[in-house]
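Novice: give me a 3D structure for the following:
(one chain, ligands or ions: 2)
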Amino acid sequence: MEQRAEIGIIGGSGLYNMAGLTNVTEERVTTPFGDPSEAIVLGELEGRRVAFLARHGRGHRLLPSELPFRANIYALKQLGVEQILSISAVGSLKEEHKPTDFVIPDQFIDRTFARTATFFGDGIVGHVAFGDPICADVAKVFASACAELGVVGKLGGTYVCMEGPQFSTRAESNLYRSWGADVIGMTNLQEAKLAREAEICYATLAMVTDYDCWHTGHDDVTVEQVIAVSHANAGNAQHVLKAAIRSMPKGERTCGCASALKFAIMTDKAAIPAETRKKLALLLDKYN
Ligand SMILES: CSC[C@H]1O[C@H](OP(=O)(O)O)[C@H](O)[C@@H]1O
Ligand SMILES: Nc1ncnc2[nH]cnc12
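Specialist: Ligands and ions are numbered 1, 2, ... in the order given. Sure thing, here's the model as predicted:
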């Protein structure tokens, strides 16, 4: 596989392009799972080859439930991406996580119900380990980049992934707080699952934009609030991204993400339908 990019950036609410990319080209990638959310922007940043994808499309056209998660991750895989840096807006479920803080979650709770979050099926069964859903190495790079720039970037925390598009009820928000969750969003869990199946490292820099609807001292979350905070903080997010990319080690990865599929496939090779085998060649070829 020709490696056109090493690092993928998925930009979320408020981040629809990446400043500072040089030698920029744009590509409409297609995949066996359909088209990604938007044309992918390829370029160089801090001496590394980067692919940028706007998760909701430019102009924010796609609902969280409408996101082509499989096409997005597969398209980045096709370009040769080995590590994904995701940026997302999140609501805070704890007093200590204030709007404009960054949190780098390391766990998820799934509250979605209308999404496909696996490349398997159609005659092939696979089960990857997901106890540690985030790549610890990439998460640490994000945390160090925040520290280097003097912005709050807390390493660890639980991200509740809800279906949306409506924000939570107060009862739900308080329930998630009682579970000890840290932040809430609508997009990251499926990306993390699919990245793991694609043996791509994945971590998120989650920007706190609001206190959801549980905080008696703050108004309930609105889109206006999310936009205001994410726009005001987009510069910081881009600085953190650049610093992270500057310090990402080159060469072979030492984390387990790179071999996540090694013991994951249950199906007898002979029983996998030829078409399915072909569709997943990019993931399976290295294991014959
Ligand atoms: C605009 S508020 C809700 C919206 O913001 C977050 O998006 P992303 O994760 O892409 O930054 C959240 O998940 C919802 O999709
Ligand atoms: N309160 C919230 N709930 C879900 N997703 C969000 N994204 C930003 N703020 C959010």
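Novice: for the spatially closest residue to Arg58 that is not a sequence neighbour, what are its contacts?
Specialist: Closest residue to Arg58 apart from its sequence neighbours, by C-beta to C-beta, 6 or more residues apart in numbering: Tyr16 at 5.0 Å. The way it works is simple: take the backbone N, C-alpha and C, and place the C-beta from them, glycine included. Neighbouring residues of Tyr16 by C-beta atoms under 8 Å, 6 or more residues apart in numbering: Ala54, Arg58, Gly59, His60.
Novice: and Ala147, by the same measure?
Specialist: Contact analysis of Ala147 by C-beta under 8 Å, 6+ apart lists Gly153.
Novice: that one belongs to a helix?
Specialist: Yes. Ala147: assigned to a helix according to DSSP: H, G, I helix; E, B strand; the rest coil.
Novice: any figure for the gap between it and ligand 2?
Specialist: Counting by C-beta to the nearest ligand atom, to the nearest Å, the separation of Ala147 from ligand 2 is 24 Å.
Novice: can you give me the helices for the stretch 101-250 of the chain?
Specialist: With DSSP state H, counting those that start in this stretch as the definition, the stretch 101-250 of the chain shows helices at residue ranges 136-149, 170-178, 188-197, 223-247.
Novice: highest average neighbour count across the ones you listed?
Specialist: helix 188-197 (a mean of 25; mean count of other C-beta atoms under 10 Å).
Novice: need the residues of the stretch 1-150 of the chain near ligand 2, please.
Specialist: Ala89, Val90, Gly91 (C-beta under 6 Å from any ligand atom).
Novice: let me know the secondary structure of the last one.
Specialist: Think Gly91. Assignment for Gly91 (three-state DSSP): strand.
Novice: tally up the residues packed near it, please.
Specialist: Around Gly91 there are 29 other residues, counting by other C-beta atoms under 10 Å.
Novice: got the contact list for it?
Specialist: Phe167, Ser168, Val183, Ile184, Gly185, Val208, Thr209, Asp210, Tyr211, Asp212, Val221.
Novice: ok, the fourth one - how many residues close by?
Specialist: Read that as Ile184. Residues near Ile184, counting by other C-beta under 10 Å: 27.
Novice: quick revisit: nearest to Asp268, of the contacts of Tyr16?
Specialist: Lowest distance from Asp268 to the contacts of Tyr16 (C-beta to C-beta) belongs to Ala54, with 40.3 Å.
Novice: tell me what that closest one is bridged to.
Specialist: Going by DSSP bridges, Ala54 is paired in beta bridges with Gly11.
Novice: re earlier: between the residues of the stretch 1-150 of the chain next to ligand 2, which is nearest ligand 1?
Specialist: Ala89 (4.0 Å; C-beta to the nearest ligand atom).
Novice: from memory the closest one sits against Gly12, does it?
Specialist: Yes. Assessed by C-beta atoms under 8 Å, Ala89 is found in contact with Gly12 at 5.8 Å.
Novice: neighbour count winner among the two?
Specialist: Per other C-beta under 10 Å, whichever of Ala89 and Gly12 has more neighbours is Gly12, with 27 against 23.
Novice: for that one, which non-adjacent residue is closest in space?
Specialist: Nearest to Gly12 is Ser88, by C-beta to C-beta, 6+ apart, at 4.2 Å.
Novice: how far does stretch 167-184 sit from its chain's centre?
Specialist: 21 Å (C-alpha atoms, centre = their mean, to the nearest Å).
Novice: ugh, typo on my part, it should be stretch 10-20
Specialist: Computed by C-alpha atoms, centre = their mean, the separation of stretch 10-20 from the middle of its chain amounts to 13 Å.
Novice: ends of it, how far apart?
Specialist: Start-to-end span of stretch 10-20 (C-alpha to C-alpha, to the nearest Å) is 16 Å.
Novice: before we move on, what about stretch 76-87?
Specialist: For stretch 76-87, the end-to-end distance is 15 Å (C-alpha to C-alpha).
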